[in-house]
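Chemist: Any chance you can model this:
(one chain, ligands or ions: 2)
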Amino acid sequence: MANPVYRDITGEQCKTNSYAKLVPGQTIVEIPEYVLECGETLRNFPVAYKTWGRLNKDQDNAFVICHALTGSSDVQDWWGPLLGTGKTFDPSRFFIICINFLGSPYGSCSPVSIDKSTGKPYGPSFPLVTAKDDLGIQKMILDSLGVKGIACVIGGSMGGMIALEYSAAFNDTGYVKTVIALATAARASAWCISWNETQRQCIFSDPYYDDGYYYESELGHKPDSGLSAARMAALLTYRSRNSFETRFGRKLPTNKILEDAQQDGVRFPKNKDEEKWLLHNEGSRFQDGSRDSSALNSSAKLQTYFTAQSYLRYQGNKFIKRFDANCYISITRKLDTHDITRGRILESDEDPLPHYLSTLTSPHLIIGIESDGLFTYGEQQLLGQHIPQSQLEKLDSPEGHDAFLLEFEVIDKYCTQFLQLKLPEYFDANSGKVEVFENWSDYVASTDNGGNSVFGEAEKNITNW
Ligand SMILES: CC(=O)SCCNC(=O)CCNC(=O)[C@H](O)C(C)(C)COP(=O)(O)OP(=O)(O)OC[C@H]1O[C@@H](n2cnc3c(N)ncnc32)[C@H](O)[C@@H]1OP(=O)(O)O
Ligand SMILES: N[C@@H](CCO)C(=O)O
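Modeler: Ligands and ions are numbered 1, 2, ... in the order given. From the prediction side, this is the model:
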């Protein structure tokens, strides 16, 4: 059967979705129709992806990378040091692809996309989407590109959830040869769900949220305060207590940070009463005429503004420039629904997960982080104990959950060793599976981000293309 051909709508989408423009060199195609797990049908909707390298003659050297909660298809932006000849994502031997998942603002269908049936953004009427939907849509993209087999599917955190969905959906078919899952879970925990709820409530409580119709609201503002607070709360779950203590302790912001805050519209108190009022509301975005009165502390006798706070506020501000509140709600709800046993095992009084995991047949590499308080090492052990052909590795990083985006060297080492062990044919020049493409960079969808992270994140050791 011929591969389906989808219309390239990259240019069109970049005109209507400003977030999609943040991702250099991705392709956006239009899928005619997909019936979601919730029963709704998406029609004529965009899906964004980026590729590196090319298919081998058997068309089975695909390396599928699933991004995390706020990531995009731009792997070189957030996992850049793992990409390159001799690295985990070796475009000289694999056809590497990362497909932006549903609900994310970076190009695939989400609340910021235009619903072609109304001509308006989906906004809060965007349907509930799940990791299973991502899997179904990603398979359509892979088919359209001629992929007949996946050498490896990898993902961290929410990306790991989708990688496990691949494992479950194609179990025993030979389509997915190996799986690498980092800092993830086979189902969202009560702890994860609760943090997501807290973050959504931050957004809901912003008066500018306007039931999700802020983009057309007469109030003329987005719920920046709520989204920023949500990111701050999330960040605390992405790092560890120890990393904050070591990094910030009770340190005070430098003059530079205070100067930046002043430029951001800080108001100085005119009298004693105003000083008390300003101090009380310090950090509130709704404070009249001021977004941040941190400069107060330069004269205050009692310090109330610490580096830990300036870090969180900085991160919150950075995030609202690159993310949309309705998308944040959509993707956290998606995360909550994740459970690989759903629809695959009969309801019973017993916990179905251990048994279900024991039926997965592909070799899995599970990488957990000891200091991860969000997707605990215990959850990785559960995967490692029950998936028959699995290898469990532990990162001793103090960085908490985000270590999967920070500890490039050790992750690259575990992954390359696993791939060479489990996929020897892709490393053997005589196997016919691999043609080492000397000029693989000709097959990079785009090399033009100048080595700069679009999002100002993960700057360390970014591969400069
Ligand atoms: C769509 C995409 O592709 S997004 C890009 C990839 N990102 C993802 O996929 C996930 C999102 N990213 C993350 O979760 C994280 O940002 C990570 C794990 C990748 C790295 O985090 P970073 O934010 O780069 O690192 P870190 O926590 O060290 O923060 C550094 C920033 O905080 C600033 N900062 C540090 N301390 C302070 C402080 N006390 N006060 C104010 N600012 C501070 C630094 O100046 C730096 O600013 P910059 O980002 O403008 O350079
Ligand atoms: N830092 C990651 C954490 C979620 O895994 C993100 O923002 O996507």
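Chemist: hey, let's count contacts and neighbours off CA atoms from now on
Modeler: OK.
Chemist: can you tell me the helix or strand for the residue nearest the centre of the chain?
Modeler: Centrality entry for the chain: nearest residue to the mean C-alpha point is A68, 2.2 Å, by C-alpha atoms, centre = their mean. A68 is located outside every helix and strand, with elements delineated by DSSP states H and E.
Chemist: surely it meets G155?
Modeler: Yes - look at A68 against G155 with C-alpha atoms under 8 Å: they come within range, at 7.2 Å.
Chemist: Identify the residues contacting the residue nearest to the centre of the chain.
Modeler: Counting by C-alpha atoms under 8 Å, 6 or more residues apart in numbering, A68 touches G155, G156, S157, M158, G159, G160.
Chemist: Then P124 would be within a helix, right?
Modeler: Yes - counting by DSSP: H, G, I helix; E, B strand; the rest coil, P124 falls inside a helix.
Chemist: correct me, but it touches Y215?
Modeler: No - here P124 does not reach Y215: they are 10.4 Å apart, not a contact under C-alpha under 8 Å.
Chemist: quick one: secondary structure of P46?
Modeler: Secondary structure for P46, judged by three-state DSSP, is strand.
Chemist: do you know how far it is from S117?
Modeler: Distance, P46 to S117, by C-alpha to C-alpha, to the nearest Å: 14 Å.
Chemist: if you count what's nearby, which of the two comes out ahead?
Modeler: Between P46 and S117, counted using other C-alpha atoms under 10 Å, the more crowded position is P46 (25 against 9).
Chemist: Now the residue in the stretch 201-350 of the chain that ligand 2 sits nearest to: closest residue in space, sequence neighbours ignored.
Modeler: In the stretch 201-350 of the chain, the residue that lies nearest ligand 2 is Y238 (6.0 Å; C-alpha to the nearest ligand atom). Spatial nearest neighbour of Y238, chain neighbours left out: H401 (4.7 Å); criterion: C-alpha to C-alpha, 6 or more residues apart in numbering.
Chemist: What ranges does the stretch 1-150 of the chain have for its helices?
Modeler: Ranges of helices in the stretch 1-150 of the chain, per DSSP state H, counting those that start in this stretch, are 10-16, 75-78, 131-144.
Chemist: Can I get those helices in JSON lines including mean neighbour count, mean pLDDT and distance to ligand 2?
Modeler: As requested, the helices of the stretch 1-150 of the chain are exported to JSON lines (neighbours: other C-alpha atoms under 10 Å; pLDDT from 0 to 100; distance: least, C-alpha to the nearest ligand atom, whole Å):
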{"stretch": "helix 10-16", "mean neighbour count": "15", "mean pLDDT": "96", "distance to ligand 2": "22"}
{"stretch": "helix 75-78", "mean neighbour count": "23", "mean pLDDT": "97", "distance to ligand 2": "9"}
{"stretch": "helix 131-144", "mean neighbour count": "20", "mean pLDDT": "98", "distance to ligand 2": "14"}
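Chemist: D339: which of those is closest?
Modeler: Checking the helices of the stretch 1-150 of the chain against D339 by C-alpha to C-alpha gives helix 131-144 as the closest, at 8.9 Å.
Chemist: Outside of that closest one itself, list whatever touches it.
Modeler: Residues beyond helix 131-144 that count as contacts (C-alpha under 8 Å, 6+ apart) turn out to be 3-6, 34, 36-37, 99, 101-102, 161-162, 165-166, 334-335, 338.
Chemist: cool, and stretch 193-211?
Modeler: Here stretch 193-211 has contacts from 124, 214, 217, 219, 221-227, 229-231, 233-234, 325, 328-329, 332-333, 335-336, using C-alpha under 8 Å, 6+ apart.
Chemist: So which bits of it are buried?
Modeler: When burial is assessed from 16 or more other C-alpha atoms under 10 Å, stretch 193-211 yields the following buried residues: 193, 195-204, 206-210.
Chemist: do the same with stretch 231-244
Modeler: Judged by neighbour count using 16+ other C-alpha under 10 Å, the buried positions of stretch 231-244 are R231, M232, A233, A234, L235, L236, T237, Y238, R239, S240.
Chemist: What residues does the chain have near ligand 2?
Modeler: Residues of the chain that fall close to ligand 2, judged by C-alpha under 6 Å from any ligand atom: A68, L69, T70, G71, S157, Y238, D402.
Chemist: Name the helix or strand for G368, please.
Modeler: Counting by DSSP H and E, G368 is part of strand 364-369.
Chemist: on that earlier part again, with the contacts of A68 in mind, which one is nearest to S371?
Modeler: Using C-alpha to C-alpha, S157 comes nearest to S371 of the contacts of A68, at 14.2 Å.
Chemist: burial of the closest one, as a residue count?
Modeler: The burial count assigned to S157 is 24, neighbours taken as other C-alpha under 10 Å.
Chemist: residues in contact with it?
Modeler: By C-alpha under 8 Å, 6+ apart, the contact set of S157 is A68, L69, A181, L182, A183, T184, A185, F375.
Chemist: Over to I114?
Modeler: Contact analysis of I114 by C-alpha under 8 Å, 6+ apart lists T16, K120, P121, Y122.
Chemist: can you check S362 too?
Modeler: When contacts are taken as C-alpha under 8 Å, 6+ apart, S362 is in contact with S167, N171, D172, V176, K177, T178, V179, Q389.
Chemist: Mind checking which of these are buried?
Modeler: Under a neighbour-count criterion of 16+ other C-alpha under 10 Å, the subset of the contacts of S362 counted as buried comprises S167, N171, V176, K177, T178, V179.
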